[in-house]
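*Asks:* sequence and predicted structure, then a few things I'm wondering about:
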Amino acid sequence: MQEIYNARAASAQSASYCHAGRFRLITGQQEMERMVVLKYLGHACVELSHAGKHIIIDPFLTGNPTAACTWDSVKADLILVTHGHSDHLGDAVQISKRNNCPIFTTYELSVQLQKQGANVIGGNHGGSRDFGFAWVKITWAAHSSSIGSNQLFGGNPCGFVIRMGDNYMYHAGDTAVFSDMGLIGESYPLDIAMLPVGGFYTMGVEDLSVALRLLKPRVLIPIHYNTFPAIQTDIRALNEAVEKSSESKCIILGPGETFEN
Ligand SMILES: [Zn+2]
């Protein structure tokens, strides 16, 4: 059975981390209206839902050994793509066409996706857009970006700060830890940070405590780990890194599991 978890309930616990299965939430109607439901779909793919609207981030589902669903079952009002690598761009074009919804990403990547028939909005780092049901800002990421086996230029990679419901959330995309995470942490009271922890292609557990000190999120949702052999991650080390960091709680979601905040 799918588990549902709540950060406000989790924050009452004394442990600095938890496996999500320990908490089940019952909330009042008023709180429900402010809440965001975060569903982890595997790898770096996350669905955010609030008031009947759905955002899907980095929808790598086809070919993802940990995917919790197939691309044609996704309901989306907005797609966010952090960069052109296949494990992030994934099924974004097909989902955009099927749901008649835009892909918001960096300009150069948006041009390439438009050529494939997607509905796109191309922005760039530091820029933001209010979609009504959510406000989204494009942030820096220390990584690379190209599209497909032909290595088409994909512009610069990015992350996103998202305000939806009563929550500020940060999806880092693929990135190394970088000091300007401190600007994000100073500028936005982050409720949730979705950070890559698998190492090799991105920051790993060894940099997690630094990232959390800069970002100061109430809750960490680890992403981009254990999908492939190269990014196998020691969950015990992950939890120890979070314990060292600060007041952040780590919520570990398996593919298909949901967290409410
Ligand atoms: Zn990746």
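*Replies:* Noted; the coordinates are in hand.
*Asks:* may I ask which helix or strand of this structure has the lowest mean pLDDT?
*Replies:* For the chain, scoring each helix and strand by mean pLDDT, DSSP states H and E identifies strand 17-19 as the least confident one, at a mean of 37.
*Asks:* which other helices and strands contact the helix or strand containing residue 195?
*Replies:* For residue 195, the element it lies in under DSSP states H and E is strand 192-196. Counting contacts by 3 or more C-beta pairs under 8 Å, 6 or more residues apart in numbering; DSSP states H and E, strand 192-196 packs against strand 167-171, helix 208-215, strand 219-223. Where C-beta positions appear, they are placed from N, C-alpha and C, glycine not excepted.
*Asks:* how many residues are close by residue 230?
*Replies:* 9 (other C-beta atoms under 10 Å).
*Asks:* and residue 55, how far from the ion?
*Replies:* Distance, residue 55 to the ion, using C-beta to the ion, to the nearest Å: 19 Å.
*Asks:* the ion versus the closest residue to residue 63 other than its chain neighbours, what's the distance?
*Replies:* Nearest non-adjacent residue to residue 63, counting by C-beta to C-beta, 6 or more residues apart in numbering: residue 86, 7.5 Å away. Using C-beta to the ion, residue 86 is found at 9 Å from the ion.
*Asks:* residue 150 is in contact with residue 86, correct?
*Replies:* No: in this structure residue 86 lies outside contact range of residue 150 using C-beta atoms under 8 Å: 12.0 Å.
*Asks:* who in this protein is up against the ion?
*Replies:* Residues of the chain that fall close to the ion, judged by C-beta under 5 Å from the ion: 87, 174.
*Asks:* okay, now the unreliable bits of the chain?
*Replies:* Counting by pLDDT under 70, the chain has low-confidence residues at 1-33, 246.
*Asks:* could you pull out the helices for the chain?
*Replies:* Assigned by DSSP state H, the chain shows helices spanning 7-10, 29-34, 86-89, 92-99, 107-115, 181-187, 208-215, 235-245.
*Asks:* next one: stretch 238-248 to chain centre, how far?
*Replies:* Taking C-alpha atoms, centre = their mean, to the nearest Å, one finds stretch 238-248 lying 19 Å from the centre of the chain it belongs to.
*Asks:* scratch that, stretch 178-189
*Replies:* On C-alpha atoms, centre = their mean, the centre of stretch 178-189 falls 16 Å from the chain's centre.
*Asks:* same thing with stretch 167-182?
*Replies:* So, by C-alpha atoms, centre = their mean, the centroid of stretch 167-182 is 10 Å from its chain's centroid.
*Asks:* can you check stretch 128-136 too?
*Replies:* On C-alpha atoms, centre = their mean, the centre of stretch 128-136 falls 16 Å from the chain's centre.
*Asks:* so which bits of it are buried?
*Replies:* 131, 133-134, 136 (16 or more other C-beta atoms under 10 Å).
*Asks:* over to stretch 198-215?
*Replies:* Within stretch 198-215, the residues scored as buried using 16+ other C-beta under 10 Å are 198-199, 201-205, 207-215.
*Asks:* now stretch 99-106
*Replies:* The neighbour-count check on stretch 99-106 (16+ other C-beta under 10 Å) flags 99, 101-106 as buried.
*Asks:* same question for stretch 60-80.
*Replies:* Residues 60-61, 64, 66-69, 71, 74, 76-80 are the ones in stretch 60-80 that count as buried (16+ other C-beta under 10 Å).
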